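> What follows is a predicted protein model with its sequence.
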Amino acid sequence: MSLTREDFAARRKQLLERIGPGVAVFFSAPVSVRNRDVEHPYRQDSDFYYLTGFEEPDAVLLLTNQHPDHRTVLFVRPRDPKRELWDGPRAGVEGAIEHYGADAAFPTSEFVEKASEYFVNVRRLHVHLRAHPESDELLFAAIDRVRTRIREGIRTPSEIVTPDESLHELRLRKSPKEVALMRRAVEIASEGHRRAMRLAAPGRYEYEIEAELLRTFHASGANGPAYGSIVGSGANATVLHYRANNRCLEEGDLLLIDAGCEYAYYASDITRTFPVSGTFSAAQRSIYQLVLDAQKAAIEQVRPDSTLDDVHAAAVEVLAQGLLRLGLLTGSVDEIVETKSYRTFYMHRTSHWIGMDVHDVGWYFESGAPRPMQPGFVITVEPGLYIPGDADVDPKWKGIGVRIEDDILVTERGYENLSRDLPKEADEVEALVQSKH
Ligand code: GLY
Ligand code: MN
Ligand code: MN
C-alpha cells in the first residue's frame with residue numbers, strides 16, 4: 001500500500017477548495033547540518049510531503065485558485081548530472097511535471113520572479129511564516145516585486161494567513177489509506193517492542209534494547225524511529241524524556257520503552273513497561289495494574305463527540321482512586337482531582353493527535369473548549385505514574401515508573417485500538433519477557 005500521484009492531487013484539490021480565492025505556498029524542509037559537512041538524514045516537511053509526495057530539499061509548492069490554467073506549481077532543483085553523480089537523481093523541472101502532477105515547474109532559483117507573477121491581484125496568501133531561515137526572505141522578496149508594479153493597476157497580497165485552519169484540519173482526519181499506513185507503522189513498532197521484551201534481561205544495557213528496536217524498524221521498511229526512543233530502566237523510567245539509554249539493567253528493574261517508528265511518513269507511538277527479570281514485584285504490579293486500569297477507562301471514552309478532556313478525566317479518576325487506595329496520596333478522590341495533587345505522580349496529559357507527526361497537527365480547542373473528536377482522528381492514550389527515587393513515600397514505591405501507551409483510531413461507532421495486539425495485561429507481559437528462557 002502506498003499513496004499514489006492521484007492521492008496527492010486529491011489532497012491539493014481539497015485544500016484549494018477549502019481556501020477559496022488565493023494562493024498557498026509551502027516550503028520544503030531545509031537541509032540540517034549535523035556537524036561540519038555532515039548533514040542529518042533528510043526528511044521532507046510533513047505539509048509539503050502531504051501535498052506532493054516530493055522528497056527533495058530546496059523546493060517550493062505554490063497552489064493557486066487564481067491562475068487561468070495552473071493550480072499546482074512546483075519550484076525544484078534543476079537536473080545537474082555532476083551533482084547527481086554524488087547525491088543521486090533529482091526529479092528536475094521536467095520530473096516535477098511528469099511525476100508530481102505540477103501544471104508548471106521552475107528552478108527554485110526563479111521563485112521570486114515567477115511567484116510574483118502568481119501573486120498579482122491575489123489578496124490572500126496561505127503560508128507558514130518562518131518555515132525555515134530563508135523562506136520569509138524569498139516570500140517577501142516575491143511580494144515586494146509585485147509591489148513595484150502597483151502603478152500598472154495591480155494589487156498586491158494584503159493578507160497572510162497560516163494554513164493551520166485549512167491544511168491541518170485535513171491532516172487531522174485520516175483517510176482509509178492513511179490509516180492503513182499507520183496500521184503498518186504500529187505493526188512494525190509492536191514487533192520491535194516484542195523483540196525488546198524478549199531481549200531484555202539483567203546485564204543487558206538500555207542501548208542494546210534500543211538497537212533491537214531500531215533494527216526491527218529499519219529491517220521492516222520503516223524510515224526509522226518516529227522520535228528518539230526512550231529505554232528507561234529502574235528509576236530512569238520516572239524521567240519522562242529520558243534519552244541517555246546507557247544504563248545496565250538490573251534484577252528487579254522495570255523497563256519503560258516508549259518507541260514508535262515512521263513508516264511512509266506516518267508515525268506510531270507506543271509505550272510498554274515490564275519487569276526485566278520476568279516477574280513484577282508486588283509493589284510494581286499494583287502500580288502497573290493501576291496505570292493499566294486507568295488506560296482502559298480512558299480508552300473507553302474514545303468515540304465521536306467525546307473530547308481529549310473526557311479521555312484524560314477518565315484516566316485521572318482511576319489514578320486518583322488508586323493512589324488513595326495505595327496510600328500514595330491523602331484526602332478524597334474529589335480533592336485529589338480538584339487540587340490536582342495527582343500531578344505529583346502523573347504530570348502529563350493523557351493524549352495527543354498522532355499522524356505524520358508524532359504530535360500531529362490540528363487544533364485541540366474550538367472556541368475555547370476541547371474539540372469533539374471525529375471518525376478518522378487518531379490519538380494516543382498514555383497515562384503513567386512516576387515515583388522518583390527521592391520521593392517522600394514508602395520506600396517500596398520509590399523509583400517505580402510506568403506508562404502504557406496505545407494508538408487509537410476514532411471510528412463511527414467508537415474506537416479501534418490499533419496497537420491492541422501488543423500485550424499489556426500484567427500476566428501476558430510477564431509471559432512475553434519470560435518467553436526467551
Ligand atoms: N513519545 C512521545 C509521546 O509519547 O508523546
Ligand atoms: Mn510515546
Ligand atoms: Mn505519545
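Yes, it's here. Numbers count the residues shown, from 1 in each chain. Ligands and ions are numbered 1, 2, ... in the order given.

> Relative to the whole chain's centre, how far out is stretch 344-353?
16 Å (C-alpha atoms, centre = their mean, to the nearest Å).

> wait, does it contact ligand 3?
No: between stretch 344-353 and ligand 3, judged by C-beta under 5 Å from the ion, nothing touches; the nearest distance is 5.7 Å. Glycine gets a C-beta too; all of them are placed from N, C-alpha and C.

> For the longest helix seen in the chain, C-alpha coordinates in PDB please.
Longest helix of the chain, by residue count under DSSP state H: helix 176-199. Extracted in PDB, the C-alpha atoms of helix 176-199 (Å, rounded to 0.1, in the frame of the first residue of the first chain):
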ATOM      1  CA  PRO A 176      -8.500   4.900   5.000                       C
ATOM      2  CA  LYS A 177      -5.200   4.800   3.200                       C
ATOM      3  CA  GLU A 178      -3.500   6.900   5.800                       C
ATOM      4  CA  VAL A 179      -5.000   4.600   8.500                       C
ATOM      5  CA  ALA A 180      -3.500   1.600   6.600                       C
ATOM      6  CA  LEU A 181      -0.100   3.200   6.700                       C
ATOM      7  CA  MET A 182      -0.500   4.000  10.400                       C
ATOM      8  CA  ARG A 183      -1.500   0.400  11.000                       C
ATOM      9  CA  ARG A 184       1.700  -0.700   9.400                       C
ATOM     10  CA  ALA A 185       3.700   1.800  11.500                       C
ATOM     11  CA  VAL A 186       2.000   0.300  14.600                       C
ATOM     12  CA  GLU A 187       2.600  -3.200  13.500                       C
ATOM     13  CA  ILE A 188       6.300  -2.700  13.000                       C
ATOM     14  CA  ALA A 189       6.700  -0.800  16.300                       C
ATOM     15  CA  SER A 190       4.800  -3.600  18.100                       C
ATOM     16  CA  GLU A 191       7.200  -6.200  16.700                       C
ATOM     17  CA  GLY A 192      10.100  -4.000  17.900                       C
ATOM     18  CA  HIS A 193       8.500  -3.900  21.400                       C
ATOM     19  CA  ARG A 194       8.000  -7.700  21.400                       C
ATOM     20  CA  ARG A 195      11.600  -8.300  20.400                       C
ATOM     21  CA  ALA A 196      12.800  -5.800  23.000                       C
ATOM     22  CA  MET A 197      10.800  -7.600  25.700                       C
ATOM     23  CA  ARG A 198      12.400 -10.900  24.800                       C
ATOM     24  CA  LEU A 199      15.900  -9.500  24.700                       C
END
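
> Any buried residues in it, and which?
Neighbour-count burial for helix 176-199, counted by 16 or more other C-beta atoms under 10 Å, picks out 178-179, 181-197, 199.

> ok, residue 347 touching residue 385?
No: between residue 347 and residue 385 there is no contact under C-beta atoms under 8 Å: 10.0 Å.

> Leaving aside the residues adjacent along the chain, what's closest to the most centrally placed residue in the chain?
Closest residue to the average C-alpha location of the chain: residue 358 at 1.1 Å, with C-alpha atoms, centre = their mean. Nearest residue to residue 358 in three dimensions, chain neighbours excluded: residue 267, at 4.4 Å (C-beta to C-beta, 6 or more residues apart in numbering).

> need the contact list for that neighbour.
Contact analysis of residue 267 by C-beta atoms under 8 Å, 6 or more residues apart in numbering lists 182, 185, 226-227, 260-261, 354-358, 360.

> quick one, phi psi at it?
phi -100, psi 150 (degrees, to the nearest 10).

> same check, this time on residue 124
Torsion angles, degrees, to the nearest 10, at residue 124: phi -120, psi 130.

> what do you get for the one 5 residues further on?
Residue 129 adopts backbone torsions of phi -70, psi 150, taken as degrees, to the nearest 10.

> residues contacting it?
135-136, 139, 160, 162.

> What residues does this structure have near ligand 1?
Counting by C-beta under 6 Å from any ligand atom, the chain comes close to ligand 1 at 227, 258, 269, 352, 358, 382, 405.

> Mind telling me which residue of the stretch 101-250 of the chain is nearest ligand 3?
When scored by C-beta to the ion, the stretch 101-250 of the chain has residue 227 as its residue closest to ligand 3, at 8.4 Å.

> mind listing what residue 179 touches?
So residue 179 contacts 376, 378, 409 (C-beta under 8 Å, 6+ apart).

> Mind checking which of the residues you listed land in strands?
378, 409 (DSSP state E).

> coming back round to it: put the buried members of the contacts of residue 129 into a ChimeraX selection.
Buried residues among these (16+ other C-beta under 10 Å), as a ChimeraX selection:
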select :135,139
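
> could you dump the contacts of residue 129 to TSV with secondary structure, pLDDT and distance to residue 13?
Compiled in TSV, the contacts of residue 129 are given as follows (DSSP: H, G, I helix; E, B strand; the rest coil; pLDDT from 0 to 100; distance: C-beta to C-beta, whole Å):
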residue	secondary structure	pLDDT	distance to residue 13
135	helix	96	24
136	helix	96	28
139	helix	97	24
160	strand	96	23
162	coil	94	20
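
> Which of the contacts of residue 129 sits closest to ligand 1?
Nearest to ligand 1 among the contacts of residue 129 is residue 162, at 23.4 Å by C-beta to the nearest ligand atom.

> Just say helix, strand or coil for the residue nearest to the centre of the chain.
Three-state assignment for residue 358 (DSSP: H, G, I helix; E, B strand; the rest coil): coil.

> Mind putting the contacts of residue 129 into CSV with distance to residue 436?
Formatted as CSV, the contacts of residue 129 follow (distance: C-beta to C-beta, whole Å):
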residue, distance to residue 436
135, 50
136, 54
139, 56
160, 57
162, 50
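
> ok, and of the contacts of residue 129, which contact ligand 2?
Within the contacts of residue 129, nothing lies near ligand 2 by C-beta under 5 Å from the ion.

> what's the pLDDT at residue 392?
You'll see residue 392 listed with a pLDDT of 94.

> got a list of what it touches?
By C-beta under 8 Å, 6+ apart, no residues touch residue 392.

> got the residue ranges for the strands in the stretch 51-200 of the chain?
Taking DSSP state E, counting those that start in this stretch, the strands of the stretch 51-200 of the chain run over residues 60-64, 72-76, 104-107, 124-127, 159-161.
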